[in-house]
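Chemist: Quick one, what's the 3D model for this:
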Amino acid sequence: MFEKFQTAVRNAYLDLKNEGHLHFDRVYPSPGELRSWCLKRYLENLNHDDEKVFIDFFNSGKSSKDLSVLIEKFDLDKLKPLRSFINGDTKKRPDENIVKLLAILIDFKPRPYKAYHWGEHVYPGDLNEGEENSLASGSDSDSSSAEWPSTDGAEKEDGTLKAIEQAEVENKEYKEDTLEAIEIKGRSKHNKLLYAGVGVVIVTVLFAVYNIFTPADCMCWNGERYVGIDCQDKDQPYQVIGLDKSKLVHFQKITRTDTLNHEDVGKVWYSKINNEVEFFTYPGHHPVEYGRSLKAATEHIIDKYAGRRATDE
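Modeler: Below you'll find the model as predicted:
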């Protein structure tokens, strides 16, 4: 069952790659780019199921440190199996957490993996066959023809989409049946639920009143880093935003770009706006140009805009 989910996830990645929806400069991401991608997705407020996958993958030692710090310092060699799965470099079945992690990175649906989504449907193709379909090569390998009937790429893709659609329909029916059972059971507990609802309303009102009269912690960019301020402070030159402890501690502008070298590839991020390149110590968005995302610095970017070249200019 899980093999079908695994193949579907990788095929979905290949579709995104071929449609140009991924931001990598190369055909397949490097371990450094994968680490930056993971950190960026983790900071996007994942749901409980997704966060558990991140904890299992990046915090297997049960460290007490902030998970974002662990991801930022994560050993790049440990991300090579994820890159091998994406590349299709190995026939060995990848660890389930690697497949689930890629599903989160590309926002694959349906997830998390549930056996009843995939239990009764044949999902055509192995890992390498998924890449052939995505690249529309139209060629058949000897090994794949031994396992699956010979069909063209369009028929396989149509079968794949129907399998996913059928799984989603069954998932919807399962949820509707569950909700109906809960509703029937809930009628016998109407009074208890009514009292509980009144209690929730009271707590919500008290919480809202508390937040109105108690300003939340905020922060603001000072030109080089974020600093904590009062949310009611109107004298700041840049936009006042909600407090993000990770950014407050780790996000800084690198003013000495001449100190950067190839060891910083994948460890620093940059923006290029109006031909001006700036380097930062943390991923996310530009602190002033709020709609611009930062990119992981490559060797080419560091060679062209930092290091000794920065000193010469």
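Chemist: can you map out the strands along this structure?
Modeler: 217-221, 226-230, 240-242, 269-273, 276-280, 295-296 (DSSP state E).
Chemist: helices and strands around the first one, which ones?
Modeler: Using 3 or more Cβ pairs under 8 Å, 6 or more residues apart in numbering; DSSP states H and E as the contact test, the elements touching strand 217-221 are strand 226-230, strand 240-242. (Each C-beta comes from the backbone N, C-alpha and C, glycine too.)
Chemist: So for that strand, mean pLDDT?
Modeler: Regarding strand 217-221, the rounded mean pLDDT is 90.
Chemist: go on, the third one?
Modeler: Averaged across strand 240-242, the pLDDT comes to 89.
Chemist: Which neighbouring elements make contact with that strand?
Modeler: strand 217-221.
Chemist: quick one on the thing from earlier: got CSV for the strands of the chain, with mean neighbour count and distance to residue 57 too?
Modeler: Converted to CSV, the strands of the chain look like this (neighbours: other Cβ atoms under 10 Å; distance: least, Cβ to Cβ, whole Å):
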stretch, mean neighbour count, distance to residue 57
strand 217-221, 18, 29
strand 226-230, 15, 28
strand 240-242, 14, 28
strand 269-273, 17, 22
strand 276-280, 17, 25
strand 295-296, 21, 19
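Chemist: Relative to residue 102, which of those is closest?
Modeler: strand 295-296 (17.7 Å; Cβ to Cβ).
Chemist: Neighbouring strands - and their directions - for that closest one?
Modeler: Take DSSP bridges as the rule and strand 295-296 pairs in its sheet with strand 269-273 (antiparallel).
Chemist: Mean confidence (pLDDT) on the strand it pairs with, please.
Modeler: For strand 269-273, the mean confidence score works out to 93.
Chemist: so who does the spatially closest residue to residue 85 that is not a sequence neighbour touch?
Modeler: Computed as Cβ to Cβ, 6 or more residues apart in numbering, the closest residue to residue 85 that is not its neighbour in sequence is residue 94, at 4.4 Å. Neighbouring residues of residue 94 by Cβ atoms under 8 Å, 6 or more residues apart in numbering: 6, 81, 82, 84, 85.
Chemist: Just to check, residue 76 is in contact with residue 266?
Modeler: Yes. The pair residue 76 / residue 266 is scored as a contact, 7.4 Å apart, by Cβ atoms under 8 Å.
Chemist: any residues in contact with both of the two?
Modeler: Joint contacts of residue 76 and residue 266 (Cβ under 8 Å, 6+ apart) are 31, 32, 35.
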